[in-house]
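> Turn this into a structure:
(one chain, ligands or ions: 1)
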Amino acid sequence: MSTSIKKEIKNLSPRPPIVVVMGHIDHGKSTLLDYIRKTNITKKEAGGITQHISAYETECEIGGQKRKITFLDTPGHEAFCSIRARGALVADIAVLVISAEDGIKPQTIETLDCIKKDGMPFIIALNKIDRPSADIDKIKTGLAENGVLVEGWGGTVPVVAISAKTGEGIADLLEMVALQSDMEELTGNLFVSAEGFVIESSLDPKQGISATLLIKNGSLKTGMFVATEGAYAPVRAIENYKGENLKEASFSSPVRIVGWNAQPKVGSQFKTFIKKEEAILFAEKHADESEKNCQNTSLNSRTCFWVVIKADTSGSLDAIEQELLKLGNEKMVVKIISKGIGAITERDLKIANIKNSLVLGFNVSADKNAIALATRNNIEIKIYKIIYELIDFVKEKVEEATPVEKVETITGSAKIIRVFSKNKDKQVVGGRVAEGEIKSGEIVKIFRRDAEIGEGKIKELQIQKIKTASVKESQEFGVMIESKLEIAEGDVIKVVSLVNK
Ligand code: GDP
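Coordinates of the predicted model:
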């Protein structure tokens, strides 16, 4: 073994687990995290959805020992799928919360797929067992049907029944987390420069750009520089999850760093450097190539629907972008022309001053100049607090803007079974509707042995000698057709209409 590897192993120390709490909305993630943290964030949430990733450290008494655990809260709405996937990456263990009352939901399955894809160890917390209709066995059966075999049911996935409301079973859950973490033998090295993930970033009018970093390994000290793809910051102050200032922090801790030169991307990896030049070099070298100018309109000849989006945090922005890009159809593609953190300004309106565009805000306001310009140029600004409402609105707008193509469609056809009379251009014939419907006033194409031979107009329709406006499939009818062509028995008349596609 080389001396450097020996040194590395010697420097390793046990690392507290980073636990991500996931699951379907309303199954009790926030309540569980609240119970563990003994604070209350649920009340503050707009629309009942946790909108941002947040993280906190706890010290739990487990089996007579004090154990540190870092918890990550993932937002509940499916719009946050991308962050959740990143949540899965940054965490060591997942706790999948399933309400024993409501059972397995699409988001539960989606989360399971995400956990399995990342090969992350996980524990199932069957919540709301205090509710009379809670049915633990039913959920276990459902899990088995979805390929998840829990302990005691022929499998190894740990399952703990809890009530986030009464606290029942939560000590067992924490014990299970500790046990799982021991099995993972999580370690870190305090003697190397910190590295980890950006878990949220936002713009503060006073402090500038700030980001929450989750340290996965190493130590971070004031005076160092942190860098991620396309952004860097001097570490002037390190704030812990409680807002206290620290001189240094190490693995498994979430910390807030302010003073970034650009918005760090949520989910991106950060590294720490002693010298500013090294940090700048790293930021530039890894600058994201996907942020290319998207003014390029030609994309498989589909029409573009342009969106300018401003949000309060990059986490929300990221999630909204992911969802918006899914909204296109075969004729229309949704493209983000501009996005950013902070209020909607005049600049956003100027960018959006093109056909098929929208200016959207999420948890932000529009400044005076922006509103004035929007009124002048007749551009709509829409501001939302709930992601799915924003997405639904854009969906509707995309549908409205999708170009309609008219295609010729046969809406009715009939076989001529008798010819009664011919008077100048008007002929009276009898027929039977083969398919669809034929209405008075419609233009028909006349076919003989499958070949189109001419056209006519339905002047009058009758069923058993009584005038009618239309005739439907299998009805026999008499019709006066205006046509230059002499219609014969066996001919077929077809109504060809232009239908929106
Ligand atoms: P989240 O969307 O997964 O974060 O769910 P919340 O934590 O916001 O919980 C949704 C609702 O379920 C809230 O009204 C909670 O009070 C309630 N709830 C959560 N856990 C429990 C529980 O164990 N028992 C009962 N009775 N209600 C719970």
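> Please identify the helix or strand for residue 31.
helix 29-37 (DSSP states H and E).
> Establish whether the helix or strand just after that helix and the ligand are in contact.
Helices and strands here follow DSSP H and E; after helix 29-37, the next one along the chain is strand 54-62. No - residues of strand 54-62 contacting the ligand under CB under 6 Å from any ligand atom: none, with a closest distance of 11.6 Å. The C-beta positions use only the backbone N, C-alpha and C, and glycine is treated the same way.
> elements contacting the helix or strand just after strand 54-62?
Going down the chain from strand 54-62, the next helix or strand is strand 65-73, by DSSP H and E. Judged by 3 or more CB pairs under 8 Å, 6 or more residues apart in numbering; DSSP states H and E, strand 65-73 is in contact with strand 18-23, helix 29-37, strand 54-62, helix 170-184.
> Out of these, which gets nearest to residue 200?
Nearest to residue 200 among the helices and strands packed on strand 65-73 is strand 54-62 (7.5 Å), distances taken as CB to CB.
> From the chain's centroid, how far away is the closest one?
29 Å (CA atoms, centre = their mean, to the nearest Å).
> Of all the helices and strands packed on strand 65-73, which one is nearest residue 358?
strand 54-62 (29.5 Å).
> Quick one: name the residues of the protein near the ligand.
Applying CB under 6 Å from any ligand atom, one finds that the chain approaches the ligand through 23, 25-31, 42, 50, 76, 127-128, 130-131, 163-165.
> List the buried residues for the longest strand along the chain?
In the chain, with assignment by DSSP state E, the single longest strand is strand 406-423. Residues of strand 406-423 classed as buried: 411-414, 416, 419 (neighbour count, 16 or more other CB atoms under 10 Å).
> May I have the phi/psi pair for whichever residue of the stretch 201-350 of the chain sits closest to the ligand?
Of all residues in the stretch 201-350 of the chain, residue 319 sits closest to the ligand, at 15.3 Å by CB to the nearest ligand atom. Backbone torsions for residue 319, taken as degrees, to the nearest 10, come to phi -70, psi -40.
> Quick check: the gap between it and residue 313.
The gap separating residue 319 from residue 313 is 10 Å, by CB to CB, to the nearest Å.
> between those two, which one's more packed in?
Neighbours of residue 319 and residue 313, each counted by other CB atoms under 10 Å, are more numerous for residue 319; the result is 27 against 24.
> Tell me the one of the buried residues of strand 406-423 nearest the ligand?
Among the buried residues of strand 406-423, and counting by CB to the nearest ligand atom, the member closest to the ligand is residue 411, at 49.1 Å.
> How about the contacts made by the closest residue to residue 221 other than its chain neighbours?
Using CB to CB, 6 or more residues apart in numbering and skipping the chain neighbours, the partner closest in space to residue 221 is residue 248 (4.4 Å). Residue 248 sits next to 219-222, 238 when contact means CB atoms under 8 Å, 6 or more residues apart in numbering.
> how about residue 248, phi and psi?
Dihedral angles of residue 248 (phi, psi; degrees, to the nearest 10) stand at phi -150, psi 160.
> Tell me the pLDDT of it.
Note on residue 248: pLDDT of 96.
> Next one: it from residue 233, what distance?
Counting by CB to CB - residue 248 and residue 233 are separated by 16 Å.
> and residue 60, bridged to which residues?
Beta-bridge partners of residue 60, counted by DSSP bridges, are residue 67.
> how far out from the middle of the chain is stretch 347-357?
Distance of stretch 347-357 from its chain centroid, counting by CA atoms, centre = their mean, is 24 Å.
> Show me where this structure dips below the pLDDT cut-off.
Along the chain, the parts satisfying pLDDT under 70 run over 1-9, 39-54, 74-89, 204-205, 287-302, 353-355, 501.
> so residue 394 makes contact with residue 359?
No - using CB atoms under 8 Å as the test, residue 394 is too far from residue 359 to be in contact (11.3 Å).
> So these two - more neighbours on which side?
residue 359 (26 against 21).
> Can you name the helix or strand that the more buried one falls in?
Per DSSP H and E, residue 359 falls inside strand 357-362.
> again with residue 369
helix 368-377.
> Check which helices and strands the following helix or strand past that helix is in contact with.
Downstream of helix 368-377, the next assigned helix or strand under DSSP H and E is strand 381-384. The contact analysis (3+ CB pairs under 8 Å, 6+ apart) places strand 381-384 against strand 357-362, helix 368-377, helix 387-401.
> right, so these: which one is the most enclosed?
Most buried of these by mean neighbour count (mean count of other CB atoms under 10 Å) is strand 357-362; its value is a mean of 24.
> Just want the angle from that strand to helix 387-401.
On the basis of axes from the mean of the first three to the mean of the last three CA atoms, to 10 degrees, strand 357-362 is oriented at 170 degrees to helix 387-401.
> what's strand 357-362 packed up against?
Packed next to strand 357-362, using 3+ CB pairs under 8 Å, 6+ apart, are strand 303-311, helix 314-325, strand 381-384, helix 387-401.
> and residue 137, which of these is closest to it?
Between these, helix 387-401 lies closest to residue 137; by CB to CB that is 32.7 Å.
> packing partners for that closest one?
Packed against helix 387-401 by the contact rule (3+ CB pairs under 8 Å, 6+ apart) you find strand 303-311, helix 314-325, strand 332-341, strand 357-362, strand 381-384.
> what is the orientation angle of the longest one with strand 357-362?
Spelled out, it's helix 314-325. 140 degrees.
> What residues of helix 314-325 count as buried?
Residues of helix 314-325 classed as buried by neighbour count (16+ other CB under 10 Å): 314-321, 323-324.
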